[in-house]
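Engineer: Here is the input, now give the coordinates:
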Amino acid sequence: MTTNRTDIPQFTYPVPGLNVRAQCVGGSDRPVCALTNCLSTPSSLGGLARLLTVEQREGACLRALEAHDVPASRARLWADSLTGARLGRPPNGAIGSLTLDPYQLDTIGGMLEGGGVMALSCGLGKTAPAILAAVQMAAGGRLWICCPINAFPTWRRWLPELHHNFTEVRIISVDSMHKAFPDAATGGVVIFDEVHMLGVTKTARTQEAHRIRRAFDYGLCLTGTMLHGGIEKTLSILDLAVPGLARFANRWEAGSYFNCLVKKDLGGRKVTSLVRPTGPNKEAFFKWLSFGCVSLNRHSESVKASVSIPNQILHQIDLGEPWQPLHEVAAELALSILEDTGKLPHAAEVAHLLCRSGVQAKIAWLLEAMRDNDEPVVVCAEYTDTLDAVETAINEAGIPYGRVDGAVTGKDRSEVQRKFQAGEIRVFLGQMDAATVSLDLDRACISVGIDHTWKAAAYDQFLGRTLRRTQQRECNHFDLCANSLQSKVVARIREQMDFDASLAEWADLKRTLDALKQAV
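Structural biologist: Predicted coordinates:
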C-alpha cells in the first residue's frame, strides 16, 4: 500500500502491511505522549492529524491536555504550536558581548513557537543559540537546564547572562530529575541538553524528562548528533520538545510509514523488528524531521557561508593482519574462559573481550606515531582497563597527559581541558562516553580510537572534540583495529548505526558458543 498523510511530507514508495499490532508486547505499543495519542487516533496512519480540520485538531489537543492537568494557557500554547505558528520576535543576534553567526540566527528563527529540537553538528556552538531562543520565548521567567553532569561547567559559564534574563535559573543532572518537582503553574523554559543521551520512552529517565516538560511553557531539546537513536528515540525527543509533534502514535506506526519493519525468524518464531531507516527511507525520514526540528551540519551552505571548518579524514589502522576467522578466535577465547571458570561465557561477554583485545600492539603503534613529533593528541578508549594500560605506557614514556573518565567531573574535568588547550600536557586521554560531551579540544588535529563504543552517537561526539568551528587545521582521526569484530564495530558506528545483537556478527558468535555448549 501507499501512505496517505497530509500533515507530513509525502513519499511514494510502498509500505508493507505487516501485522505490527500483534508484535507489541511489554507496553511497547503505548503512545509517546497523551497529545500524540490524541492526534493519532484512530490508529490508521495519520489519524486525527489527517482527518480533522485545524480547528477540530486544536479542540482535540486541548481536551487531551486538560485530561492530563496541563494549565489552560499552556494547553492553548502547545495546540497553537502544532498549527505551525512561528516566533513573532526576530532574534537580535547577540547575548551580552557575544554576537552569533548567521547560521546560528537561522537556527533560532526556524524554531517552532512552542520550542523545538535544535540539532547542530558537534562543535558548531548550540549553547548560545539555545540561550537566545529561550530569552526570546520567556525572558523574565524561569529557566531550567537538564543536562549530563559533565555538561555542568559549560552551562555554569553562562550563569551571569542567564540570571540577567531569568528570575529563576536551575541546572540539574538528568540522573537527578526524579528529585525535581517544578511548580506546574509557573511556566517558563526547560532545556534538555545532549538529549540523545536520554533513552527511549519507556526508560525511567526519559519518563522523568517528560514529566518535567509538562510544567513548562516551552521546551528546547539540544543535540549535536541528530539523531542516531532510531525511530523510537526520535519520536520521544520530538514530543519532549513540543508535545504532540511526533504525530505517530508509536514506533510501529512510524516504522510502517518509513518502511523500517522487517520480519525475522527467531528459533522458528516469526517476529517483526524495527530497523533504522536506510537508503531512500533514511532520506524520507530526515526530510520529515526537518518539519519538526532545526538541524544544521558543518556541510550545509549556511554554515559554510558563516565559518570555515576544515575537513576531518578518517583512517582505519589494521594491526596484526591477516586476522584469524572470527568464529575461531571466539571459540578459543570461550574455551579459555571455560578452563578458568568452569563456565562457558555468553556471546556479549565474548564480544566485549574481543573488542578490547590487541591493546599492547595499539599502544606500540601510538607511541611510535608520536615519537618523532610534538603534536598534541586526543586518545579515547571505551574500556577503563584499556585506559589504564595506555596511561601506564604514556607515563613511562615521560609524556605529559591528562585523563578524563566517568570518575572525573566538574572542576577536575575543566582543568584537564584547560591544561590541554594551554599546551601544558600533550595527550588528552579520555573514556569514549564520559569524555565526549562539552569539551573543546581543538588544539589537537589528531585523534586516536584505541577501542570503541558500540554507540554511534558517542563516536560522533568523540570526533567532534577536535573538529570545532574554531579549528584551523585539517583533522585526522585513526581507528585502531586488531580483529575482524573490531573492524565491524568501526564500520557500523561510522555509518551512524549502533553495533548491537541484531547484526550477523553477533549471530555468528552466538552460533559458535551454542556449538561449544553442545560439544562440552
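
Engineer: Any idea how many residues pack against P129?
Structural biologist: Per other CB atoms under 10 Å, the neighbour tally for P129 reads 28. Where you see a C-beta, it was placed from the backbone N, CA and C, and this is true even at glycine.

Engineer: Assign it to helix, strand or coil.
Structural biologist: helix (DSSP: H, G, I helix; E, B strand; the rest coil).

Engineer: what separates it from M177, distance-wise?
Structural biologist: Distance of P129 to M177, computed by CB to CB, to the nearest Å: 24 Å.

Engineer: do L220 as well
Structural biologist: Applying CB to CB, the value for L220 to M177 is 16 Å.

Engineer: what's the helix or strand that contains L513 in contact with?
Structural biologist: L513 belongs to helix 504-519 when assigned by DSSP states H and E. Helix 504-519 is contacted by residues 326-327, 330-331, 334-335, 338, 344-347, 350-351, 484-485, 488, 500 when judged by CB atoms under 8 Å, 6 or more residues apart in numbering.

Engineer: which of those are buried?
Structural biologist: Neighbour-count burial (16 or more other CB atoms under 10 Å) applied to the contacts of helix 504-519 gives L326, A330, A331, A334, L344, P345, A347, V350, A351, S484, L485, K488.

Engineer: Isn't the fifth one up against L338?
Structural biologist: Yes - in this structure, L344 is within contact of L338 by CB atoms under 8 Å, at 5.2 Å.

Engineer: just checking, M497 touches W454?
Structural biologist: No - between M497 and W454 there is no contact under CB under 8 Å: 10.1 Å.

Engineer: Can you report how many residues lie near the closest residue to D193 other than its chain neighbours?
Structural biologist: Excluding the flanking residues, the one nearest D193 by CB to CB, 6 or more residues apart in numbering is C147, at 3.7 Å. C147: 22 surrounding residues under other CB under 10 Å.

Engineer: mind checking how far C147 is from T186?
Structural biologist: According to CB to CB, C147 stands 20 Å off from T186.

Engineer: V70 now?
Structural biologist: Using CB to CB, V70 is found at 13 Å from T186.

Engineer: before we move on, what about P277?
Structural biologist: Distance check for P277 against T186: by CB to CB, it reads 39 Å.

Engineer: quick one, which of these two is more surrounded?
Structural biologist: Using other CB under 10 Å as the criterion, P277 and T186 rank with P277 on top: 20 against 14.

Engineer: who are the neighbours in contact with the more buried one?
Structural biologist: I231, F258, N259, C260, A284, F285, F286.

Engineer: Apply 7 Å and report the result again.
Structural biologist: Counting by CB atoms under 7 Å, 6 or more residues apart in numbering, P277 touches F258, C260, F285.

Engineer: nearest to D440, of these?
Structural biologist: F285 (31.0 Å; CB to CB).

Engineer: The closest one belongs to a helix?
Structural biologist: Yes - assessed by three-state DSSP, F285 belongs to a helix.

Engineer: where in the stretch 101-250 of the chain is pLDDT low?
Structural biologist: In the predicted model of the stretch 101-250 of the chain, residues 109-115, 226-229 satisfy pLDDT under 70.

Engineer: Measure how far stretch 192-202 is from the centre of its chain, please.
Structural biologist: Stretch 192-202 sits 7 Å away from the centroid of its parent chain (CA atoms, centre = their mean, to the nearest Å).

Engineer: And stretch 184-193, by the same measure?
Structural biologist: With CA atoms, centre = their mean, you get 22 Å for stretch 184-193.

Engineer: Now it: buried residues?
Structural biologist: G187, G188, V189, V190, I191, F192, D193.

Engineer: Quick one: mark the members of these that sit in strands.
Structural biologist: Those of those mapping onto strands are V189, V190, I191, F192, per DSSP state E.

Engineer: Just put those residues in TSV and tack on distance to L387.
Structural biologist: Formatted as TSV, those follow (distance: CB to CB, whole Å):
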residue	distance to L387
V189	38
V190	35
I191	31
F192	29
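
Engineer: Tell me, how many residues neighbour A504?
Structural biologist: 8.
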